[in-house]
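K.L.:
requesting a structural model of the entry that follows:
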Amino acid sequence: YTSASLTLNLISVNARGLNNPHKRTTVLEFLRKKNIDFAMIQESHLWCKDVGRLASKFYHPIATSSAATKCKGVMVLCKCKLKLDVIDSWMMQVG
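P.N.:
Numbers count the residues shown, from 1 in each chain. The predicted structure follows:
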C-alpha cells in the first residue's frame, strides 16, 4: 500500500464584479498560474444566465448564487483536471 500526499490549493477572492470579459480572463489566468484547485469567489455580480461565462477549459463552476440584479453573487470554481466526482451542483438566485 502506498500513500500519496494530497494537496489542495484553495483561494477566496472578492472579485468586485466579473461582467467585463477582460477581468474574467484575468481572474481565470491568475487561478491557473497559481495552480488553484478550488476558488471561492464573492461579489461576482453576475446574473444566473451569465455564470457559464466563467467556465473555461481549466475551471468550471460547481456552486453559484446570483442576485436578480448585477450585484452580490458568490460562486465556487473547481479545476477541471481534478479527479473527483461532483455528486451535485446547484444554482440559486438570492445572491
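
K.L.:
and Val27, how many neighbours?
P.N.:
Residues lying near Val27 (other Cβ atoms under 10 Å) number 19. For the C-beta atoms, the positions are set from N, CA and C on the backbone; glycine is no exception.

K.L.:
so which strand or helix has it?
P.N.:
helix 21-33 (DSSP states H and E).

K.L.:
for the helix or strand that comes right after that helix, what is the average pLDDT?
P.N.:
Of the helices and strands lying after helix 21-33 in sequence (DSSP H and E), the nearest is strand 38-42. In this model, strand 38-42 has an average pLDDT of 95.

K.L.:
tell me the contacts of the residue minimising distance to the centre of the chain?
P.N.:
Centroid-nearest residue in the chain: Leu77, 2.4 Å away (criterion: Cα atoms, centre = their mean). Taking Cβ atoms under 8 Å, 6 or more residues apart in numbering, we find Leu77 in contact with Leu31, Phe38, Ala39, Ile41, Leu54, Tyr59, His60, Pro61, Ile62.

K.L.:
quick one: the fifth one from Thr7, how far?
P.N.:
In this structure, Leu54 and Thr7 are separated by 24 Å, where distance is defined by Cβ to Cβ, to the nearest Å.

K.L.:
if we can go back for a sec, so which of the contacts of Leu77 wins on neighbours?
P.N.:
Ranking these using other Cβ under 10 Å puts Ala39 first, with 24 neighbours.

K.L.:
thought that residue was touching Val13?
P.N.:
Yes - between Ala39 and Val13 there is a contact under Cβ atoms under 8 Å: 6.2 Å.

K.L.:
what's the closest non-adjacent residue to Arg16?
P.N.:
Sequence neighbours aside, Glu43 is the residue nearest to Arg16 in space, at 5.3 Å (criterion: Cβ to Cβ, 6 or more residues apart in numbering).

K.L.:
er, Asn35 I mean
P.N.:
With Cβ to Cβ, 6+ apart, the residue lying closest to Asn35 is Asn9, at 5.6 Å.
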